[in-house]
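Enquirer: got a predicted structure here, sequence first:
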Amino acid sequence: MPRPTRWNTVLRTATALFAANGFGAASVSEVARRARLSKPGLYYHVRDKEELLFRICDYSMAGILAGARGAVAATDDPAKQLRELIRAHTAFHWQHPKNLAILFGQGKYLSAARRRRVAGMEREYLGLVRGVIRAGQRRRRFRRVDPTVAAFSLFAMLNTLDGWYDTRGRIRPRALVAELERLYLGGLAAGDRGTPHQGGIT
């Protein structure tokens, strides 16, 4: 493997190119040129362009999942777990603003085996969030909504930030995260009986 600093440069460069041009249009030659590596030097460390995509997706999903595990392990309060999970997910996004667009928009170009590895981490993340929501429902902290619908609603909110949020706008990142927490946790909060949960997706 390359030295960590050089490898980080390669990943950042490939991520920027895939985000700007799409996986199909981006070339390994351009990644190497922008990362200041020779093309043979880049091929010494990765087999092909798809492996670069896999490394980006694997790194991204592993980082998000690690943050989620830490959030759930930090406390046994479901509301606090979700709050910390939102903060961990958005923190990863602020640090790697193009990665989620690659992970969820271009992961379809991965081979079946590599896609299964990434999908396995996605399923674990889903399971963590659903588990937190179910725990909150058992304690009557959260209303009786379908945990899968609630989990995917959270993912839709967090994974599309790059499509509309501008860090240069009037709402700063920390204030945005606070607003997202209020919207999501306020919607789950068991303030009234609401509509009973009728099963469905589990």
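Expert: In hand now; what should we look at?
Enquirer: report the buried residues of the worst-scoring helix or strand of the chain on mean pLDDT.
Expert: Sorting the helices and strands of the chain by mean pLDDT, DSSP states H and E puts helix 39-45 at the bottom, at a mean of 85. Within helix 39-45, the residues that qualify as buried are Leu42, counting by 16 or more other C-beta atoms under 10 Å. All C-beta spots, glycine's among them, are computed from the backbone N, C-alpha and C.
Enquirer: what is that helix packed up against?
Expert: helix 4-21, helix 28-34 (3 or more C-beta pairs under 8 Å, 6 or more residues apart in numbering; DSSP states H and E).
Enquirer: now do the longest one: distance to the chain's middle.
Expert: Relative to its parent chain, helix 4-21 has a centroid offset of 17 Å by C-alpha atoms, centre = their mean, to the nearest Å.
Enquirer: for the protein, which spans come out with low pLDDT?
Expert: 1-4, 191-202 (pLDDT under 70).
Enquirer: show me where the protein has helices.
Expert: Shown for the chain, the helices assigned by DSSP state H span residues 4-21, 28-34, 39-45, 49-74, 78-95, 99-105, 112-138, 147-159, 161-164, 173-188.
Enquirer: tell me the domain boundaries of the chain?
Expert: 1-46, 58-188 (automatic domain parsing).
Enquirer: Leu52: which of those is closest?
Expert: domain 1-46 (4.6 Å; C-beta to C-beta).
Enquirer: would you put the C-alpha positions of stretch 158-167 in CSV?
Expert: Below are the C-alpha coordinates for stretch 158-167, written out as CSV (Å, rounded to 0.1, in the frame of the first residue of the first chain):
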residue,chain,number,x,y,z
LEU,A,158,-28.7,12.7,5.9
ASN,A,159,-27.5,11.3,2.6
THR,A,160,-28.8,14.1,0.4
LEU,A,161,-27.2,17.0,2.2
ASP,A,162,-24.7,17.4,-0.6
GLY,A,163,-27.5,18.0,-3.1
TRP,A,164,-29.0,21.1,-1.4
TYR,A,165,-27.0,22.4,1.6
ASP,A,166,-24.4,25.0,1.0
THR,A,167,-21.8,25.4,3.9
